[in-house]
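Colleague: what follows is a predicted protein model with its sequence.
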Amino acid sequence: MTMNSQSNHLQSADSKNEPIIIKKFKVPVPPPTRSTSIKSNTAIIYCEGNFGDIDGKTANGLVRHSEKYKILSVIDSEKAGLDAGEVLGGPPNGIPICSDLTEALSIASNPPSFFIFGIAPSSGMLSTYERGLIFEAMSHGMDIVNGLHEFLTEDPAFAAACFKYDVTILDIRKPRDKKDLNLFSGRIAEVTCPRIAVLGTDCAIGKRTTATILTQILNARGIKAVMIGTGQTGIIQGAQYGIALDAVPSQFCAGELENVIITAFKNENPDVIIVEGQGALSHPAFSTSSFILRGTCPSGVILQHAPARINRSDFDGMPMPTPHSEIKLIETFSDTKVMGLTLNHENMTDSEIDTAIIDFENSLGIPVTDALNKPADILVEMVLAFFPDLIEKETGTVN
């Protein structure tokens, strides 16, 4: 089989926007490293020098929550020997942080099935060292989960390695062919349940985490909620419906998101749909929030803010906006209302969080909470206060 024929074997994304992958190929000899047994969902996450930090948000999110993968360990030599749960400010979760791939493999009871690249650098590209590490992981029979803007399925060297080691690469951000993309149609009006967008005052501020917690607690209270992932981390975590919006050509962003929401609504018949936000509407480096507002036409918005963050993430000379200014911008840009504020408590003490909640509630006149630090039921009450018709859907409470 020639390399050209290999590169033609690409799996198209289905209606749920599964990532495009390089398929495995049948060869006349047994695969050199892969067992014939069914693969597990075990994974190692690479997050060198970034776990627990802003650029490690993919790894951070997967350690906090993953429906698709069982995380065995995290690679970050700067935090080696620590427990991943504790590094993220939570209780120990038994996921060790290892110094390198060799150590991560040595402590696994069975060979891991997946190697997940857990860093989300602003460049979206691999370093020379990271390329070599991915090739090494492939040589151990591990499939690669890649959330970067650099599509490894388009690299002949990685395609050859897939063939050599009988492994698969999943390029999470790779969009479908333009001929298969959707333009905005206005059919979002067919979605009759509330649509809540979780937006923020900055990137890497906890929008996905808040959206995930809100979706989980609504379902636990008997209110059927479906979350729409809009970035690579949510999709890797296992969001059933989602699209890596920042990799879609801008002309199709609103339409692609609209199509995913309509599909989720028709398939699941939910009581409410939660849409994960990206970036910030006021941030000049990102346009995804505008497409989320256009494609979702949200019934309400929850805004995420980090009170102790002085400057925008990755932009040291760019001061953070206030929740007041972001709310005004959102409500001017879109026919919607901000229904509540959620806080990211980075660099804050418990007393500072409590004070911030009171101050923002008094100044903004909307409910305020911290999704990680305060009871999750407060999020539900925020939703029920804005959408009282959902109260009759509730079947129970969770402490």
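Modeller: Noted; the coordinates are in hand.

Colleague: my understanding was that residue 241 contacts residue 230; is that so?
Modeller: No: Residue 241 lies out of contact with residue 230 (Cβ atoms under 8 Å); the separation is 10.1 Å. For every residue, glycine as well, the C-beta is placed using N, CA and C.

Colleague: neighbour-wise, which of the two wins?
Modeller: residue 230 (35 against 22; other Cβ atoms under 10 Å).

Colleague: contacting residues around that one?
Modeller: For residue 230, the contact set (Cβ atoms under 8 Å, 6 or more residues apart in numbering) comprises 242-245, 257, 275-278, 288, 292.

Colleague: name the nearest of those residues relative to residue 366.
Modeller: Nearest to residue 366 among those, counting by Cβ to Cβ, is residue 277 at 16.8 Å.

Colleague: show me the shaky parts of the stretch 51-200 of the chain.
Modeller: For the stretch 51-200 of the chain, the stretches with pLDDT under 70 are 122-124.

Colleague: that one: helices as residue ranges?
Modeller: 57-64, 84-87, 101-106, 128-139, 156-165 (DSSP state H, counting those that start in this stretch).

Colleague: average pLDDT for stretch 382-392?
Modeller: Across stretch 382-392, pLDDT averages out at 96.

Colleague: ok now it, how far from the chain's centre?
Modeller: 26 Å (Cα atoms, centre = their mean, to the nearest Å).

Colleague: now stretch 253-266
Modeller: Computed by Cα atoms, centre = their mean, the chain-centroid distance of stretch 253-266 equals 17 Å.

Colleague: go through the contacts of residue 230 and name the one nearest residue 106.
Modeller: residue 244 (33.2 Å).

Colleague: how many other residues sit next to that closest one?
Modeller: For residue 244, the neighbour count with other Cβ under 10 Å is 26.

Colleague: find the nearest non-adjacent residue to it, please.
Modeller: Leaving aside its sequence neighbours, residue 244 sits nearest to residue 173 (Cβ to Cβ, 6 or more residues apart in numbering; 4.1 Å).

Colleague: list the contacts of that neighbour.
Modeller: Residue 173 neighbours (Cβ under 8 Å, 6+ apart): 19, 147-149, 151, 232, 244, 246-247.

Colleague: of those, which is the most crowded?
Modeller: Greatest neighbour count in the contacts of residue 173, by other Cβ under 10 Å, goes to residue 232: 28 neighbours.
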